[in-house]
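S.K.: Take this sequence and fold it.
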Amino acid sequence: MVDALHFSPYISFSREEWKSLRASVPLTLTQTQLDQLRGINERISLEDVSDIYLPLSRLLNLYVANNQDRYRTTQHFLGKLSDSTPYIIGIAGSVAVGKSTTARILQALLARWPNHPKVDLVTTDGFLYPNAVLKKRGLMNRKGFPESYRMKKLIRFLSDVKAGRPEVEAPVYSHLVYDVIQNQVQRIKKPDILIVEGLNVLQTFGGCGTPSLSVSDFFDFSIYVDADERDIARWYVERFQVLRKTAFQKPESYFHRYASLTSEEAVEVSSQIWKDINGINLVENILPTRPRAHLILKKGSKHTITGVKLRKL
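M.R.: Below you'll find the predicted structure:
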């Protein structure tokens, strides 16, 4: 029998093996700064940053520097003088897996390298259709599924960023009101690096033999934050419990109706939401995109990253 692992497109690293690739990169984040970057119910330590994210920031710094050198070489060949276009990193993964925390930590670490100090972060939540549109189309219970996004708008945004436009606007989303905020935008002004974080950023959208642009076509590097589905489901329920006592208590919260639930009722409701919506989206749409990532961060049951897979060149 042929060993399937022999044909894996990835090089696999244990935590200790990946940790050794940090080299001499200094840890510049403090515990206070890390606490500000950490998501709800996320358990991540400075040791995690040191062991996992510093080696990753070193790798990405090398990739970005190589990309900048290659761009300058091409511009010299063409006899042109212009700034390099932003290096775009995509981060994908399930609801509650911790991809937002990963994105924020990488943003903070990458901005500390001298050759790319301007690092912006955009989430694809702002490119969801407004709730009014989703309700009209009967898609409120499909929010976060591919059909709930203004995909053409997102692709246009990335195309403009990659084309080097001086300023590009991204719509803004509020998790409190659970909707896109009208007349509010995030302005992206030619960053050195742009991180794009979202559920379905690695999905392809071709069909019927017709070539079609995908969000990932604009990525220079992509990361998938992975974990066992049972662990993610548990993290989702735990996060719901925290939100029930905090954000849901605010009258303006879209989920204010859940604030009065008992702990047992909250477990039942959030478990059902996971089963009916987020779990289905993970299995049908998000998980199948994992093999398209350049790098996979594998989490254990306590949110700690236990292994890393890097795609072979």
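S.K.: ok, for residue 161, nearest residue in space, not its chain neighbours?
M.R.: residue 168 (5.2 Å; C-beta to C-beta, 6 or more residues apart in numbering). C-beta: built from backbone N, CA, C; applies to glycine.
S.K.: The one you found touches residue 156, doesn't it?
M.R.: No. Applying C-beta atoms under 8 Å, one finds residue 168 not in contact with residue 156, separated by 9.1 Å.
S.K.: can you tell me which helix in the chain is longest?
M.R.: Ranked by number of residues, the top helix in the chain under DSSP state H is helix 54-78.
S.K.: Show me what counts as buried in that helix.
M.R.: 54-61, 64, 67-68 (16 or more other C-beta atoms under 10 Å).
S.K.: Report all helices and strands that it contacts.
M.R.: On a contact count with 3 or more C-beta pairs under 8 Å, 6 or more residues apart in numbering; DSSP states H and E, helix 54-78 meets strand 87-93, helix 99-110.
S.K.: Which one of those lies nearest to residue 290?
M.R.: Closest to residue 290 of the helices and strands packed on helix 54-78, according to C-beta to C-beta: strand 87-93, at 7.9 Å.
S.K.: Residues touching that closest one, excluding its own?
M.R.: Contact partners of strand 87-93, identified using C-beta atoms under 8 Å, 6 or more residues apart in numbering, comprise 60, 63-64, 67-68, 99, 102-103, 106, 116, 158, 161-162, 192-202, 215-216, 218-226, 286, 289-290, 293.
S.K.: how does it look with 6 Å?
M.R.: If you take C-beta atoms under 6 Å, 6 or more residues apart in numbering as the criterion, strand 87-93 is touched by 64, 67, 99, 102-103, 193-197, 201-202, 218-225.
S.K.: go on, stretch 49-66?
M.R.: Residues outside stretch 49-66 that contact it (C-beta under 6 Å, 6+ apart) are 18-19, 21-22, 25, 27, 29, 87, 105, 109-110, 113, 115-116, 305.
S.K.: Tell me the one among those residues nearest to residue 249.
M.R.: For those, the minimum distance to residue 249 (C-beta to C-beta) is 27.9 Å, reached by residue 105.
S.K.: what helices or strands is the lengthiest strand in the chain leaning on?
M.R.: With secondary structure taken from DSSP state E, the chain has its longest strand at strand 179-188. When contacts are defined as 3 or more C-beta pairs under 6 Å, 6 or more residues apart in numbering; DSSP states H and E, strand 179-188 sits against strand 168-174.
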